[in-house]
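1. take this sequence and fold it.
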Amino acid sequence: MISEKNETLTDLNHEKDEIIKKCLMKLHADMKKSHRKVTEDHDKYVELYTKAREERHSIERKMRNLKVLVYKTYKIRLK
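-> As a prediction, this is how the structure comes out:
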């Protein structure tokens with residue numbers, strides 16, 4: 001009787017451990033998927049930011065060149 005109860009407890013503990021293991025593995029897989037998505041979103045953001053910054057610098061250079069050209073040609077200071 002006692003040995004049967006011990007065996008039943010052992011089996012139940014083993015089943016519990018297997019269920020916990022499966023749940024943890026699923027949780028880990030879900031977290032990896034979420035992390036991958038966040039990383040991809042971050043990479044897209046960094047790429048867009050870099051392009052916008054390059055474009056802004058290009059426009060600023062053109063504006064400086066225009067200011068210099070206008071000043072040298074017409075002696076007018078642009079702000």
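
2. tell me which stretches of this structure form helices.
-> Counting by DSSP state H, the chain forms helices over residues 2-74, given from the N-terminal end onward.

3. could you list the low-pLDDT ranges of it?
-> Screening the chain residue by residue with the criterion pLDDT under 70, one finds no matching range.

4. centroid-wise, who is the farthest residue in it?
-> With C-alpha atoms, centre = their mean as the measure, the chain has its most outlying C-alpha, relative to the mean C-alpha position, at M1: 57.1 Å.

5. distance-wise, check K33 relative to V46.
-> Here the criterion is C-beta to C-beta, to the nearest Å. By it, K33 lies 21 Å from V46. Glycine gets a C-beta too; all of them are placed from N, C-alpha and C.

6. still on that earlier bit, quick one: contacts for the residue farthest from the centre of the chain?
-> Under the criterion of C-beta atoms under 8 Å, 6 or more residues apart in numbering, M1 has no neighbours.

7. got the phi/psi numbers for I76?
-> Here is the backbone geometry of I76 (degrees, to the nearest 10): phi -110, psi 130.

8. how many other residues sit next to it?
-> By other C-beta atoms under 10 Å, the residues close to I76 number 8.
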